[in-house]
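Asks: Got a predicted structure here, sequence first:
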Amino acid sequence: MALILGLPKGSLQEATFSMMRKAGFNVSAGSRSYVPSVDDPELNCRLIRPQEISRYVELGLLDAGITGYDWIYENGSDVVEVCEMCYSKATSRPVRWVLAVPNDSAITSVKDLNGKRIATEAVGLTKRYLAQHEVEAEVEFSWGATEVKAPELVDAIVELTETGSSLRANNLRIVETILTSTTRLIANRKAWDDPQKKKKIEQFSLLLQGALAAEARVLLKLNVPEARLDQIIDILPSLHAPTINKLNDDTWFAIESVIEESVVRDIVPPLRAAGAEGIIEIPLNKVIF
């Protein structure tokens, strides 16, 4: 029986498709299609707004789905959180729901919102936050373009931000962060109790996490003279230990190591200065820990 999988339609769609391709699943969908094609007969995908996925997973209409923790929290969904995946539409950083006000607003904290009006798509999240701080304010659902509603229509907004650029462009400043959210793979509890479905979900999770881990890492290959081997191993980071093999010339060795891409520019010059040659940097699709 195929696993019915909910994929997020909208801003996360292309990032999710890209990650799945790196994980080994060729997935695609037309601009008007809500049923993506995937080259795995054990997966039956549906494109659904991420705001709704956790509800459908909880109800069993989907066996599993990919959505943000914020919508699981907003909907109060009783689901199995299989794994956390740190990716979003633009970066690998978590996203934030923030309280924001116009730059010239007198509001400096949540306590200043008593009697005020707030617009947001995350009404439940916002009301819970206000209740925690014993603040009474009017919270209205926003159908979109939330940033432009302050100050003419509302006093403040609660909005999702990844880089903060949209808020700054609309002359808004962040007062407080209400919730930090990352993408999650979730499962219906009945599906998770089914051995076949659980096995498929776990396999899918393993490959997705491998694809995400690979995005920040590369394989570095280099040739090293025997006399400099220990010196170069001391410079070269690795997951556990570098792979070392002798070349046909017994005085030279080939070394391979998976390293963080961010450190490549800092260690290649010292490696070259220490005597390494033939240094090659190779991108990776998956790294399974």
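Replies: On my side now, so go ahead.

Asks: Tell me which residue lies nearest the centroid of the protein.
Replies: Residue closest to the mean C-alpha point of the chain, counted by Cα atoms, centre = their mean, is residue 87 at 1.8 Å.

Asks: is it true that it touches residue 19?
Replies: Yes: Residue 87 is within contact range of residue 19, at 6.3 Å (criterion: Cβ atoms under 8 Å). From N, CA and C alone the C-beta is placed, and that goes for glycine too.

Asks: quick one: common contacting residues for those two?
Replies: residue 212 (Cβ atoms under 8 Å, 6 or more residues apart in numbering).

Asks: who's in contact with the residue nearest to the centre of the chain?
Replies: 15, 19, 183, 212, 215.

Asks: For the helix or strand encompassing the first one, buried residues please.
Replies: Right, the one you point to is residue 15. Using DSSP states H and E, residue 15 sits within helix 13-23. Of the residues in helix 13-23, 13, 15, 16, 17, 19, 20, 22, 23 count as buried by neighbour count, 16 or more other Cβ atoms under 10 Å.

Asks: now that helix: how far from the chain's centre is it?
Replies: Distance, stretch centre to chain centre, for helix 13-23: 11 Å (Cα atoms, centre = their mean, to the nearest Å).

Asks: and that helix, what does it pack onto?
Replies: If contacts are counted by 3 or more Cβ pairs under 8 Å, 6 or more residues apart in numbering; DSSP states H and E, helix 13-23 sits against strand 3-8, strand 27-28, helix 195-215.

Asks: on contacts alone, who are the packing partners of the last one?
Replies: Using 3+ Cβ pairs under 8 Å, 6+ apart, the elements in contact with helix 195-215 are strand 3-8, helix 13-23, strand 80-85, strand 183-187, helix 189-193.

Asks: so can I have a markdown table of those showing mean pLDDT?
Replies: Compiled in a markdown table, the helices and strands packed on helix 195-215 are given as follows (pLDDT from 0 to 100):
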| stretch | mean pLDDT |
| --- | --- |
| strand 3-8 | 96 |
| helix 13-23 | 92 |
| strand 80-85 | 95 |
| strand 183-187 | 96 |
| helix 189-193 | 98 |
